[in-house]
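Peer 1: sharing a sequence plus its predicted fold:
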Amino acid sequence: CPVPRKELPVPRRRKRAVGTAATRGVLRKSLQRGVVLSTGTFLVYEAHKLISGFAEVHASFKVEEVIEQADYLYGSGETEKLYQQLLQHKNSDDAELLWRLARASRDLAQLSSTSAEEKRQLAYEALEYAKKALEKNESNFAAHKWYAICLSDVGDFEGIKTKIGNAIVIKEHFQRAIELNPKDATTIHLIGIWCYSFAEMPWYQRKIAATLFATPPTSTFQELFSCLYTADPNFYSKNLLFLGKTYLKLNNKKMALLWLSKAKEYPAHTEEDKQQQMDLLL
């Protein structure tokens, strides 16, 4: 007798087919879920990229803003305010901020109101900031320049032997700065000052130099004159002063008087300018 269809046993092949369909359903749902999850992950990833991009742009704008404010304060002679502002960014990875902090630290050390102990501390701080700026961007000409300046300053606290011993390194960084920016008058001037120190070096310092180097660094007043004049003679009061001194060494008193007079009449913008003018009056 016929068995009602609903009661009929499910053939094995039919059972396998049902099982396959069920599996396919699960796979379909899993696939759909995976697509949703993948889409969600993709959207999260894209959102993260977008937010990161905004953060980078924001950070870039912030650095530019800080640099703009710093340059304004530097031009205004607000040394202490500039130092405090840049000190907030001492852990920055931006070489432009770091070399400016090195400069601000050094400028603060140069103030007459700064104590001897503070001068020493600031000199070493400035060297560290300049070194870090150089590590962050070896192609930054100002980082090379300020590293050389700060290295020279530290020599004042470590004795003449260290100062002379660092001389070659200092000149190398000045030269590298000029290679990166041939129009920077300050660096060319500083090469001139370096030349002056070796052209004018006393005998006992020459003896120290001879013990430190197989071939001690030397210079001439003619080389010094070339640097000071190439630097743009009128850009800096000290450049005028050293041109005057160099002409004296070259026995040209007329030209020496001309440049020393220019140094005396130079508008005093900084404390260094004022002190220099006082020295010329004495």
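Peer 2: Ah, there it is.
Peer 1: C-alpha from now on. contacts and neighbour counts both.
Peer 2: Fine.
Peer 1: centre of the chain to stretch 140-147, how far?
Peer 2: 6 Å (CA atoms, centre = their mean, to the nearest Å).
Peer 1: buried ones in that stretch?
Peer 2: Neighbour-count burial for stretch 140-147 flags 140, 141, 142, 143, 144, 145, 146, 147 (criterion: 16 or more other CA atoms under 10 Å).
Peer 1: pipe the residues you listed into a markdown table and attach distance to residue 62, pLDDT and secondary structure per row.
Peer 2: Putting those into a markdown table (distance: CA to CA, whole Å; pLDDT from 0 to 100; DSSP: H, G, I helix; E, B strand; the rest coil) gives the following:
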| residue | distance to residue 62 | pLDDT | secondary structure |
| --- | --- | --- | --- |
| 140 | 20 | 97 | coil |
| 141 | 22 | 96 | helix |
| 142 | 20 | 96 | helix |
| 143 | 20 | 97 | helix |
| 144 | 24 | 97 | helix |
| 145 | 25 | 96 | helix |
| 146 | 23 | 96 | helix |
| 147 | 25 | 97 | helix |
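Peer 1: just the closest of those residues to residue 181, please.
Peer 2: residue 141 (6.3 Å; CA to CA).
Peer 1: residues touching the closest one, list them.
Peer 2: For residue 141, the contact set (CA atoms under 8 Å, 6 or more residues apart in numbering) comprises 176, 177, 178, 180, 181.
Peer 1: among the residues you listed, which two are most distant?
Peer 2: Longest span within these, CA to CA: 176 and 181, 8.6 Å.
Peer 1: higher neighbour count, those two?
Peer 2: Comparing residue 176 with residue 181 by other CA atoms under 10 Å, the one with more neighbours is residue 176, at 20 against 14.
Peer 1: run through who's touching stretch 172-184.
Peer 2: 139-145, 147-148, 187-188, 190-191, 231.
Peer 1: what comes up buried for it?
Peer 2: Those buried within stretch 172-184 under the rule 16+ other CA under 10 Å are 173, 174, 175, 176, 177, 178, 184.
Peer 1: now, the residues you listed that are in strands?
Peer 2: Members of the buried residues of stretch 172-184 lying in strands (criterion: DSSP state E): none.
Peer 1: of the buried residues of stretch 140-147, which is the nearest to residue 258?
Peer 2: Among the buried residues of stretch 140-147, and counting by CA to CA, the member closest to residue 258 is residue 145, at 29.6 Å.
Peer 1: just to revisit the earlier point, for residue 198, state which of the buried residues of stretch 140-147 is nearest.
Peer 2: residue 145 (19.0 Å).
Peer 1: the closest one and residue 187 touch, don't they?
Peer 2: Yes - using CA atoms under 8 Å, residue 145 is in contact with residue 187, at 6.5 Å.
Peer 1: any idea how many residues pack against residue 204?
Peer 2: 9.
Peer 1: which helix or strand contains it?
Peer 2: Counting by DSSP states H and E, the element that carries residue 204 is helix 203-212.
Peer 1: what's the following helix or strand after that helix?
Peer 2: Under the assignment DSSP H and E, the closest C-terminal helix or strand after helix 203-212 is helix 221-230.
Peer 1: how about that next one: buried residues?
Peer 2: Neighbour-count burial for helix 221-230 [16+ other CA under 10 Å]: 221, 224, 225, 227, 228, 229.
Peer 1: give the contact list for the fifth one.
Peer 2: When contacts are counted by CA under 8 Å, 6+ apart, residue 228 is found next to 188, 189, 192, 239, 242, 243.
Peer 1: so the second one is in which element?
Peer 2: Of the helices and strands defined by DSSP H and E, residue 189 is found in helix 185-199.
Peer 1: nearest to residue 75, of the contacts of stretch 172-184?
Peer 2: residue 142 (16.7 Å).
Peer 1: my read: that closest one touches residue 99, true?
Peer 2: Yes - with contact defined as CA under 8 Å, residue 142 reaches residue 99; the gap is 6.8 Å.
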